[in-house]
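In: have a look at this prediction, sequence included:
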Number of protein chains: 2
Amino acid sequence: MTEPKPETVVPILDEAAHAATEQEINPWDVQAARDEQGNSLAFDYVAISQKWATKLIDDDLLRRFETLTGHKPHRWLRRGLFFSHRDFDKILDKYERGEPFFLYTGRGPSSDALHLGHTIPFSFTKWLQDVFDVPLVIMLTDDEKALFKDNLTFEDTHKFALQNAKDIIACGFDLKKTFIYSDIEYLKGHFLMNVWEFAKLVTFNQVRGAFGFNESTNIGRIMFPAVQCAAAFATSYPEIWGLFDPLADRSKAIAKIPCLIPMAIDQDPYFRLVRENSSRMKCPSPKPALIHSKFLTALQGAGGKMSASDPTTAIFMTDTPNQIKTKINKYAFSGGRTTVEEHRELGGIPEVDVSFQYLSYFEEDDEKLKQIEESYRKGDLLTGELKKLAITLLQEYVKEFQDRRKEVSDEVMRQYMAPRKLEWKGNPNPKPKEPKPESKPKESKKEKKGKKENKEAEKNS
Amino acid sequence: MTEPKPETVVPILDEAAHAATEQEINPWDVQAARDEQGNSLAFDYVAISQKWATKLIDDDLLRRFETLTGHKPHRWLRRGLFFSHRDFDKILDKYERGEPFFLYTGRGPSSDALHLGHTIPFSFTKWLQDVFDVPLVIMLTDDEKALFKDNLTFEDTHKFALQNAKDIIACGFDLKKTFIYSDIEYLKGHFLMNVWEFAKLVTFNQVRGAFGFNESTNIGRIMFPAVQCAAAFATSYPEIWGLFDPLADRSKAIAKIPCLIPMAIDQDPYFRLVRENSSRMKCPSPKPALIHSKFLTALQGAGGKMSASDPTTAIFMTDTPNQIKTKINKYAFSGGRTTVEEHRELGGIPEVDVSFQYLSYFEEDDEKLKQIEESYRKGDLLTGELKKLAITLLQEYVKEFQDRRKEVSDEVMRQYMAPRKLEWKGNPNPKPKEPKPESKPKESKKEKKGKKENKEAEKNS
C-alpha cells in the first residue's frame, strides 16, 4: 500500500474575528458571535475546541486511520467537517487489536422532516459502520424534545421520532448491525437502572454549570442529561449483545465495551459528563470516544446553522430538484463579485461562498474540487456556474436519499427498532496484543499506592 | 341498620408540649420535637395536620363510611391511627354512585424484612380493598431507596423489593385485584411518559421547598418525586384496565379514575405536589384522595418510630413468639409506677404506655379495650399483666402473618407482579347519580368566564 496522504483541502469559514458578542455553543443554544454592527461572524471552531480541551483531528491521525482500516478517510474528515475528537486514537487501538466497540449517535426529534444538516452525522456514521463493521445504536430523544420545547407534547415528539427513524434508515444503515430506539419506547430495565445510577453521581450544581440550568428549570430537564449519558454504556442495550433476561444483573464484561460517538460539537457537554463519571459506575465503563462535527452552514452563510423552522435556511430532504435549484440560486450566500467584469478581474472568494462550501462537502474528487476552487478564485468560474455544480451534487444526494426513503415502510422501521441481537464481524485482520512484558518482582504496597496516586493526578489534569 | 356510633377510644401520645426544637416531618426525615433537656416529645399530629391543611378524620365521616359500605370502620380508624385525610369524602361520593376508583400505596425497600410498623398501611389497605372491592396497585420504590441511601446499590434495593413483595402479599391481598411492582422493573411506556410529563410541570424550586433539597442534591433525587407522583395516575397502569398496546395513546377516560392513597403522614408532600398539578396533565386527572396514618411508636415510647436498623425499637415480622415476649417485657416503655404499691395507689398512665398503645391497635373489641384502660388507670391491672395482654395479641398477629408468608413462593410473588387485567366488582348497590337539573337558558360567554374565575379562586384557596 502506498503511503496515504490525506490533506485538508479547504478550511472554510473558520477564521476568528474580533467579536462584539461571544459565540454561545451548548446543547440547547447555538449562537455565532456578532460584530459591532450585529452581523453574525463565522463560528470559531478552533476556539471551542481549545475552550473544551478537545483534540483537533490532524493528518497523522487520518494517516493512521487509513493504514489500519485500508479506507481513505471520508471527505468530511479530509475537509474538516468532522474536525475534533476525544480518544478516537484509543478506538483505533481497539480496532487494531480486534477488540469490540460500538457506535452511538442520535437525534432530538423536534420536527417530522430532516434537512440536509441533520443527515450529515448519520451519513458519516453509516460510513463508519461500513468501515469498522461494528454494532450501532441510534437514540431518538423524544423525551428530551418534549421536555425542552414548551409547545410540544410527548405524543408529538414520539410521532416525530418514528418519522425521523424512517429518514435515518434511508441514510443506508445495515439492519443487521443497527438498533434504532425511541427513548419513550425503550427506556426501562438495565438502561433505566444505568440512568438512575448515573443520576446518583451528578449534582444539580454540576448540570447547572454544564447546561446552563437554573432554579426555575423543570426537574425533567435537570434529570435528562443522565438519560443521554447512560446511553453511552454498553450495558444499556443487553439485547444487542444477546442478553435477554431483564432481571439478570448488568454484565461487568459488557460494561467494558467502549463506544465511539459521532456528533455535532454542541453535544459535547453531555459526554464530558459521562467521561468524568463512567469509571464510578458499579459496572465501570471506559470513557466514550467522540468525533465532533461543525454545523452545516445555513444558506445565508457564516454564523448561521440550517434550521428546521426556517425553510429559507435549509435544503430539506423532501425538497424537489427544482426547489433545491431555486433555494441555492436565490438564498445561497455568494462569494462572487457584483458584476461579471469585476468577478473576472478580482475573482471569487470561496471561503465565504456557501455553494462552494456545499460543493466541498459533496464532491468526492479532491483534484476536481481543487480545480473548482482555483478557477473560482481566479474569476474564471462565475457564481452561476459554481452554483450549478453545487445544485447538481445536492440534487443527486437528495435523490439517492429519497429513493431509499421510499423503501422504508412502517414494517421496515419496526425491524430496525426491535430490541434484538445484532450481527457484526469487527476487524477481519486484527493485530494481536503485544505480549505481556516479563513479570517484574512484586511491588510493595506503598509503591503501588504511589503509582495509583500519580495515575489519579494524571486523570484529573 | 342501627345508627352506628364509632368513637375514638384513646387519643394517645398526641398532646402538644412546649418544645425546645420543632418536630421535623418529611419523606426523608422524621424527628420528634425535643424539650429543653433533649428528651423526645410525642409527635404532634394535630399540628402537622394544621400546618399542611389536611382534614382530621371525624365521627361524621366515619358514620357516613359505615352507612355507605355497611362495614364498621377499622379499629385503626376508630382509634385514630389513621387520623387525617384529603378528599376521602369525595371517594365516598364516588363509591356511593358506583363510579370507579383505585387504591395505591407503596413501600421504599430499604431492608429485606418488614417490622410491625411497615405492615400497618398494608393491613389497612387490604381491609379497604375488601370493603370497597376495587383494584389496588402497590409500588416498591427500589429506585428511590438506592438514590437516597449512599450505601445501597440498585441491585440491593431491587432484591429487597422482591423480598418485601412477599411480605406484602402475606398481608392477605386478593391476587385478582392486586398489582405489585418494582419501579426498576415496571417503569416504562405510559408510566414513564406520565413521569416525564409530570416532571415538566415542576421546577427545582418547587421540590427544593417541598423536600428540602439543595444545589448539591443529586439529579436523580431531584427527579424522583415525579415518579412517586405519576404513580397516582390511572393511566400509568394500562394493563390493569385491560389495555395492552404499549404504543397506544394514554386514555383520557381512564385518566379520570381517581385513586385513594393510604399512607403515613410523612409522604404527604409528594401527593400535595400531585394534587397541585394533576389537572395540568395532557390527560387531566382528578386530585388523588389521601388517608394519613401516624407512625407506629417505637418500643421506647413517645417521639420514636420503629426503625429497621435498630432491632430494639421494633417487633419484626420474623420475630419468634419468644422474641416478641422478650422485646415487650424488656423494651416497651411502661406507664406503670415504680412499685406495685405505688401502682395500686396511683394507677398507670395508658397515654404513655407503649404496650397499651399496641393493645389499642390490635384488640378489636372496643368494650374490652375500654375495660383494660380503666383497670390500668385505676391501678387494678399491673404493668406485667398489661404487657402479657399485648404480647398475646402481637404474637397472634405476627403468627398469622408468618403462616401466610410461608405460602408465598417466588412463583406466587411473580403472579402478583405480572402486569395484567385486574378483576373487581366495586359497590354492589350503587345509588344512581342525581338526575341532571332541567337545562337552563344558555349563559353568555361573560357570565361563564366569571363563573370559571370563581371556580379557579376556590381551587386555589
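Out: Looks like it arrived, so ask away. Numbering: from 1, shown residues only, chains lettered A, B, ... in the order given.

In: only C-alpha atoms from now on, for both contacts and neighbour counts.
Out: Noted.

In: confirm A:Asp60 sits in a helix?
Out: Yes: counting by DSSP: H, G, I helix; E, B strand; the rest coil, A:Asp60 is part of a helix.

In: from A:Glu66, how far out is it?
Out: Between A:Asp60 and A:Glu66 the computed distance is 10 Å (C-alpha to C-alpha, to the nearest Å).

In: next, the contact list for the residue nearest the centre of chain A, please.
Out: Nearest to the mean C-alpha position of chain A, by C-alpha atoms, centre = their mean, lies A:Met263 at 1.6 Å. For A:Met263, the contact set (C-alpha atoms under 8 Å, 6 or more residues apart in numbering or on different chains) comprises A:105-106, A:121, A:290-293.

In: between A:Asp60 and A:Glu66, tell me which one has more neighbours.
Out: Ranked by neighbour count (other C-alpha atoms under 10 Å in any protein chain shown), A:Asp60 and A:Glu66 place A:Glu66 first, with 18 against 11.

In: give me the pLDDT for that one.
Out: You'll see A:Glu66 listed with a pLDDT of 98.

In: next: A:Phe43.
Out: We have a pLDDT of 89 for A:Phe43.

In: mind checking what secondary structure it has?
Out: Under three-state DSSP, A:Phe43 comes out as coil.

In: kindly report the same for A:Lys368.
Out: Going by three-state DSSP: A:Lys368 is helix.

In: how close does it get to chain B?
Out: Going from A:Lys368 to chain B by C-alpha to the nearest C-alpha, to the nearest Å gives 50 Å.

In: near chain B, which residues of chain A are found?
Out: Within reach of chain B by C-alpha under 8 Å from any C-alpha of the partner chain, chain A has these residues: A:143, A:147, A:154-155, A:184-189, A:192-193, A:196-197, A:199-205, A:215-223, A:246-247, A:249.

In: redo that, cut-off 7 Å
Out: A:147, A:184-185, A:187-189, A:193, A:196, A:199-205, A:215-220, A:222-223 (C-alpha under 7 Å from any C-alpha of the partner chain).

In: quick check on those: which are buried?
Out: The neighbour count (16 or more other C-alpha atoms under 10 Å in any protein chain shown) marks A:147, A:184-185, A:187-189, A:193, A:196, A:199-205, A:215, A:217-220, A:222-223 as buried among those.

In: what are the boundaries of the helices in the stretch 301-450 of chain A?
Out: Using DSSP state H, counting those that start in this stretch, the helices of the stretch 301-450 of chain A run over A:321-331, A:340-346, A:354-362, A:366-378, A:383-406, A:410-416, A:445-460.

In: need the winner for burial among those.
Out: Scoring these by mean neighbour count under mean count of other C-alpha atoms under 10 Å in any protein chain shown gives helix A:354-362 as the most buried, with a mean of 24.

In: and the contacts of it?
Out: A:75-76, A:299, A:301, A:332-334, A:350, A:369, A:386-387, A:390, A:393 (C-alpha atoms under 7 Å, 6 or more residues apart in numbering or on different chains).

In: which residues sit in contact with A:Leu346?
Out: A:Leu346 neighbours (C-alpha under 7 Å, 6+ apart): A:Gly379.

In: now with 10 Å, please.
Out: By C-alpha atoms under 10 Å, 6 or more residues apart in numbering or on different chains, the contact set of A:Leu346 is A:336-337, A:340, A:377-379.

In: still on that earlier bit, in helices only, show me the buried ones among the residues of chain A next to chain B.
Out: Among those, the ones falling in helices (DSSP state H) are A:147, A:184-185, A:189, A:193, A:196, A:199-200, A:204-205, A:219-220, A:222-223.

In: would you list these in CSV and tack on pLDDT?
Out: Shown next, in CSV, are these (pLDDT from 0 to 100):
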residue, pLDDT
A:Leu147, 96
A:Ile184, 95
A:Glu185, 94
A:Gly189, 91
A:Met193, 95
A:Trp196, 98
A:Ala199, 98
A:Lys200, 98
A:Phe204, 97
A:Asn205, 96
A:Ile219, 98
A:Gly220, 98
A:Ile222, 98
A:Met223, 98
